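[1] everything below, folded, please.
(one chain, ligands or ions: 1)
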Amino acid sequence: MSNAELKNEIPSLVSRLIQLPSVNPPGYTINVASFIRDWLSERGFTSETKEYAKDKPNVIARVGRGRPVLILNGHMDVVPPGDESRWVYPPFSGKIVEGRVYGRGATDMKGGLAVIMMVFAELAPLIERQGSGTLIFSATADEETGGHPGVEALVREDALIGDAAVVAEPSGSSRYYIGEKGLCQVKIVTRGRPAHGSLPVLGENAIMKLTRAITRAEELINEFNKGIKLPSELVNAIRNSAEVYLEAARASGLNLTLSDFEGVVGTVSFNPGVIRGGSKINMVPDYAELELDMRIPPGVSPNQVINHLRSGLCGAADVEVLDTSEPNYTSPSDTIVRLIHEGIEKTLGSTPKPIIVTGATDGRYLRARGIPTVVYGPGELALAHAYNEYVTVDDLVKTHDVMLYTIKRFFGIPA
Ligand SMILES: [Zn+2]
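    Numbers count the residues shown, from 1 in each chain. As a prediction, the model looks like this:
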């Protein structure tokens, strides 16, 4: 397809996908999935539907045969639009103006979904002719609330297995993500003895115990962070990520430094998110709790952090585990990562940057299954989940071209 045709075709596909709201919660993907199935079938492709939660189907299509198997993945659900009056164009209009497609999901990630649909359809005949190798297209459900009936279930049921994967979440055309931090969310609980508020000496104040425990927990995490050894192959990616976050912070007027962000990406972050305790002003509280969100870098496991907190708090507070996930990454020297890197260099003429992100994508389920995974797609992280979300036509076409190059090279087709 010529570049001029692409400049019309891809944005109008993004626009049509935006016009089918798939807001999560509840995250129903029936309408988007049926549009995608029809789109594929009009082009002669058969697809399978896999549904692990009611009205949240996933769509999978394949071309070619045998190995290697390359997975293209994008999620169909989007976050809620929020206050619709704050949108310049209605959030589900898919309005195309001055080189941008506007709407909820433009960046995260109906833009990326449209790009992988096009790439799949364009490369299918070449891959069929090549004789060896399978390209899988997958449009999945529920990423915005954890991906359980989406990529997680598909990987568990062996419905989405391959030798490499590209997840088209918004990295922007000149960057790609090779890893993400893990999650360690705990509750810190303190207990005391109730008494009348006028005679606190008779009681034991759980809120005071909790404030001391929070201060101690922060010290413990700082101490833990001094001992972290990051995987040496990730040092560059961590610096790049810090630069990207710094750039975004400066753009919104915050006066922070590179080392502030190197700290955030390469260490365990510490965010007390919710605090509860006490029931009445004139009582000594006998219970208090803190919900603490920590994001952990590659090379660290949530259990190490939990054990360090528990032993350091020495019984002054209980540490209950709320949710954890392992940090994960694909080596910068892995084939699919090298090919995306090369694709950006050759197609766009720029030197790309591998990044580690602080939040999670469905890529973690693929990596957990041993599938090397790179995240690369149109859009900007800062626009995801924002008002007046958009994706530029320029970024759609660029990421399309890079993917075309990468996938051809992956299958040994002259690029
Ligand atoms: Zn997303």
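[2] contacts only, for the closest residue to R37 other than its chain neighbours.
    Closest residue to R37 apart from its sequence neighbours, by CB to CB, 6 or more residues apart in numbering: S47 at 5.2 Å. In short, each C-beta sits where N, CA and C put it, glycine included. Neighbouring residues of S47 by CB atoms under 8 Å, 6 or more residues apart in numbering: I36, R37, L40, S41, V59, I60, A61, F137.
[3] and the gap between the nearest residue to R43 once chain neighbours are set aside and the ion?
    Of all residues not flanking R43 in the chain, A121 sits nearest, at 5.1 Å (CB to CB, 6+ apart). Distance of A121 to the ion, given as CB to the ion, to the nearest Å: 22 Å.
[4] model confidence for A121, exactly?
    The model reports A121 with a pLDDT of 96.
[5] tell me the pLDDT at the residue nearest to T107 when sequence neighbours are not counted?
    Spatially, and ignoring its direct neighbours in sequence, T107 is nearest to G379 (3.1 Å; CB to CB, 6+ apart). pLDDT for G379: 95.
[6] distance check, G379 against G111.
    5 Å (CB to CB, to the nearest Å).
[7] those two - which one has more neighbours?
    Ranked by neighbour count (other CB atoms under 10 Å), G379 and G111 place G111 first, with 34 against 29.
[8] give me the helices and strands touching the helix or strand hosting the more buried one, please.
    Using DSSP states H and E, G111 maps to helix 111-130. Helix 111-130 sits against helix 3-18, helix 30-42, strand 57-65, strand 69-75, strand 133-140, helix 393-410, with contacts defined as 3 or more CB pairs under 8 Å, 6 or more residues apart in numbering; DSSP states H and E.
[9] and of these, who's closest to V244?
    helix 393-410 (15.4 Å; CB to CB).
[10] so which bits of the helix holding G111 are buried?
    111-124, 126-127, 130 (16 or more other CB atoms under 10 Å).
[11] for stretch 181-200, same thing?
    181-190, 192, 194-195.
[12] between the two ends of that stretch, how far is it?
    Stretch 181-200 has an end-to-end distance of 43 Å (CA to CA, to the nearest Å).
[13] low-confidence regions, the stretch 251-400 of the chain specifically.
    For the stretch 251-400 of the chain, no stretch has pLDDT under 70.
[14] strands along that one, start to end?
    271-277, 287-296, 318-325, 328-329, 353-357, 373-375, 390-392 (DSSP state E, counting those that start in this stretch).
[15] what touches both of G379 and G111?
    Shared contacts of G379 and G111 (CB under 8 Å, 6+ apart): P170, V391, D395.
[16] export those residues as JSON lines, with columns for neighbour count.
    Formatted as JSON lines, those follow (neighbours: other CB atoms under 10 Å):
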{"residue": "P170", "neighbour count": "27"}
{"residue": "V391", "neighbour count": "32"}
{"residue": "D395", "neighbour count": "25"}
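[17] including distance to the ion, could those residues go into TSV?
    Shown next, in TSV, are these (distance: CB to the ion, whole Å):
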residue	distance to the ion
P170	7
V391	12
D395	15
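[18] kindly list the main-chain dihedrals of the residue nearest to R37?
    phi -140, psi 160 (degrees, to the nearest 10).
[19] highest mean neighbour count out of the helices and strands packed on helix 111-130?
    strand 69-75 (a mean of 27; mean count of other CB atoms under 10 Å).
[20] near the ion, which residues of this protein?
    D108, M109, E169 (CB under 5 Å from the ion).
[21] what's near enough to touch the closest residue to the first one other than its chain neighbours?
    On the basis of CB to CB, 6+ apart, the spatially nearest residue to D108 that is not a chain neighbour turns out to be A384, at 3.6 Å. Neighbour list for A384: T107, D108, M109, P170 [criterion: CB under 8 Å, 6+ apart].
[22] what does V69 give?
    G133, T134, L135, I136, I161, G162, D163, A164.
[23] next one: the fifth one from R67, what distance?
    Counting by CB to CB, the gap from I161 to R67 is 11 Å.
[24] if you count what's nearby, which of these two comes out ahead?
    I161 (16 against 11).
[25] quick one: average confidence on stretch 205-225?
    For stretch 205-225, mean pLDDT rounds to 98.
[26] no, scratch that, I was asking about stretch 97-116
    On average, stretch 97-116 scores 97.
[27] mind listing what's buried along whatever helix or strand E218 lives in?
    Following DSSP H and E, one finds E218 within helix 206-226. For helix 206-226, a neighbour-count test (16+ other CB under 10 Å) marks 206-210, 213-214, 216-217, 220-221, 224-225 as buried.
[28] again with stretch 291-304
    Here stretch 291-304 shows E291, L292, D293, M294, R295, I296, P297, P298, V300, P302, Q304 as buried, counting by 16+ other CB under 10 Å.
[29] extract the C-alpha set from that stretch and format it as PDB.
    Extracted in PDB, the C-alpha atoms of stretch 291-304 (Å, rounded to 0.1, in the frame of the first residue of the first chain):
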ATOM      1  CA  GLU A 291      -2.100   0.600  52.100                       C
ATOM      2  CA  LEU A 292       1.400   1.000  50.600                       C
ATOM      3  CA  ASP A 293       2.100   0.800  46.900                       C
ATOM      4  CA  MET A 294       5.700  -0.100  45.900                       C
ATOM      5  CA  ARG A 295       6.900  -0.700  42.300                       C
ATOM      6  CA  ILE A 296      10.000  -2.800  42.000                       C
ATOM      7  CA  PRO A 297      12.700  -2.800  39.400                       C
ATOM      8  CA  PRO A 298      14.000  -5.800  37.400                       C
ATOM      9  CA  GLY A 299      16.300  -7.900  39.400                       C
ATOM     10  CA  VAL A 300      14.200  -7.600  42.600                       C
ATOM     11  CA  SER A 301      11.400  -9.900  43.700                       C
ATOM     12  CA  PRO A 302       8.400  -8.800  45.700                       C
ATOM     13  CA  ASN A 303       9.200 -11.400  48.300                       C
ATOM     14  CA  GLN A 304      12.600  -9.900  49.100                       C
END
